[in-house]
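Chemist: Below are the sequence and a predicted model for it; my questions follow.
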Amino acid sequence: MQKNVRRHFMSYCVNKEYLCMCRRSDPQEEEKVAPILQVQNLQHIYSAGTPFEHIALQDVSFSVERGEFIGVIGHTGSGKSTLMQHLNGLLKPTSGSILLDGEDIWSDKKLTRQSRFRVGLVFQYPEYQLFEETVYKDIAFGPKNMGLSKEEIDRRVREAAGFVGITDEQLEVSPFDLSGGQKRRVAIAGVIAMEPEVLILDEPTAGLDPVGREGILANIESYRKAKNATIMMVSHSMSDVARLAQRLLVMSDAHLAMDGTPQEVFARAQELLDMGLDIPEITRVFLKLQQLGLPVEQVYTIEQATQQLCRLRGEVSNA
Ligand SMILES: Nc1ncnc2c1ncn2[C@@H]1O[C@H](COP(=O)(O)OP(=O)(O)OP(=O)(O)O)[C@@H](O)[C@H]1O
Ligand SMILES: [Mg+2]
């Protein structure tokens, strides 16, 4: 009996060593087996059991790999914000689960709390949540809650301010003396200062002018590059997500209707239009050209459109 136990133990050790060797020899493989987030059969019902009951999410499942930039699109009321608020434990699933690094964030209180820091959520119109006397104190709020030292908080505040283009002088003023775009930057810096592995932004450019929008998108991209962070961005701007995201999730009526690269998703342009969604302007033009019988492929960026037109011009001049 004891011999058997020992044999099992030895074979367990050998297998474990073998697995470790495999992992050591192929770090990319290890990345593949450990998505940073996994959403499994997520359902959320608001006001369950009351006359106001509303199913906001139904059977939503997907995984997020480290370092991905994911765009989340969908019509108004499709469930985008509800979904995002589940990813850092702000909302609790009615059923289904959220795994962070393979562990259910609701399996223990410590994990739920940790998920709030490891997954940073920037709400829609986050500037309405600024409340401290100075910009510095507002950005420091999150890191302070994490129980970090004064020096570490200071380092993080200054670094986060740098990411969003807030100067040292601006750190000392009241956030209410800043412009709308600058307030938004401060609010984003407050989340960035917690150095989340996953940064979720719910319509970060809503209501900003084109210059303000470009600035915020550049800030997000620079944070992602510097920290190798994972980004999930909800947006109504199809051209922004088409340009920045490597993968798109399309929500429709509480369901995940599509999950693919921008190429795959925008190739289904007519379905998107039928769902009441917009498509990038350039995709719309090329859809029309296709319908008129021109031999062009579907595109979603200006660069792709230029290539297609150059190819077409080459074919015409060669004929
Ligand atoms: N606190 C709440 N109580 C009840 N119903 C809610 C609540 N919050 C949202 N809902 C409903 O749940 C559905 C999904 O809402 P959600 O805010 O997630 O959509 P959304 O895709 O983010 O929409 P938008 O593009 O307008 O921001 C909507 O029908 C909404 O009315
Ligand atoms: Mg929303």
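Modeler: All right, it came through fine. Since this is a predicted model, take the numbers as computed values, not measurements. Ligands and ions are numbered 1, 2, ... in the order given.
Chemist: When you work out contacts or count neighbours from here on, use the C-alpha atoms and nothing else.
Modeler: Will do.
Chemist: Okay, domains of this structure per the record?
Modeler: 34-274, 281-318 (automatic domain parsing).
Chemist: List the buried residues in the last one.
Modeler: In other words, domain 281-318. Across domain 281-318, burial judged by 16 or more other C-alpha atoms under 10 Å covers Ile282, Thr283, Arg284, Phe286, Leu287, Val296, Gln298, Val299, Tyr300, Thr301, Ala305, Gln308.
Chemist: May I have the distance across that domain, first residue to last?
Modeler: 29 Å (C-alpha to C-alpha, to the nearest Å).
Chemist: for the longest one, same thing?
Modeler: Length of domain 34-274, first residue to last, C-alpha to C-alpha: 36 Å.
Chemist: ok, and does it reach over to ligand 1?
Modeler: Yes - using C-alpha under 6 Å from any ligand atom, domain 34-274 reaches ligand 1 at Tyr46, His54, Ala56, His75, Thr76, Gly77, Ser78, Gly79, Lys80, Ser81, Thr82.
Chemist: Ranking by neighbours, what's the top pick from those?
Modeler: In terms of neighbour count, Lys80 stands highest of the residues of domain 34-274 next to ligand 1 at 27 neighbours, by other C-alpha atoms under 10 Å.
Chemist: Look up phi and psi at that one.
Modeler: When quoted as degrees, to the nearest 10, the phi and psi of Lys80 stand at phi -60, psi -50.
Chemist: looking at it, it is touching Val234, isn't it?
Modeler: Yes - contact criterion C-alpha atoms under 8 Å: Lys80 and Val234 qualify, at 7.1 Å.
Chemist: which stretches of the protein form strands?
Modeler: With DSSP state E, the ranges of strands along the chain come out as 37-46, 54-64, 69-74, 95-100, 103-104, 119-122, 198-202, 230-234, 247-252, 255-260.
Chemist: So for this structure, which residue is the most central one in space?
Modeler: With distances taken as C-alpha atoms, centre = their mean, the chain has Met232 as the residue nearest its mean C-alpha position (0.6 Å).
Chemist: Highest mean neighbour count out of the domains of the chain?
Modeler: Most buried of the domains of the chain, by mean neighbour count (mean count of other C-alpha atoms under 10 Å): domain 34-274, with a mean of 18.
Chemist: avg pLDDT for that domain?
Modeler: The pLDDT scores in domain 34-274 average 94.
Chemist: okay, and the common contacts of Lys80 and Val234?
Modeler: Val72, Ile73 (C-alpha atoms under 8 Å, 6 or more residues apart in numbering).
Chemist: Could you measure from the residue in the stretch 101-250 of the chain positioned nearest to ligand 1 over to Pro35?
Modeler: Nearest residue of the stretch 101-250 of the chain to ligand 1: His236, at 7.5 Å (C-alpha to the nearest ligand atom). As for His236, its distance to Pro35 is 26 Å (criterion: C-alpha to C-alpha).
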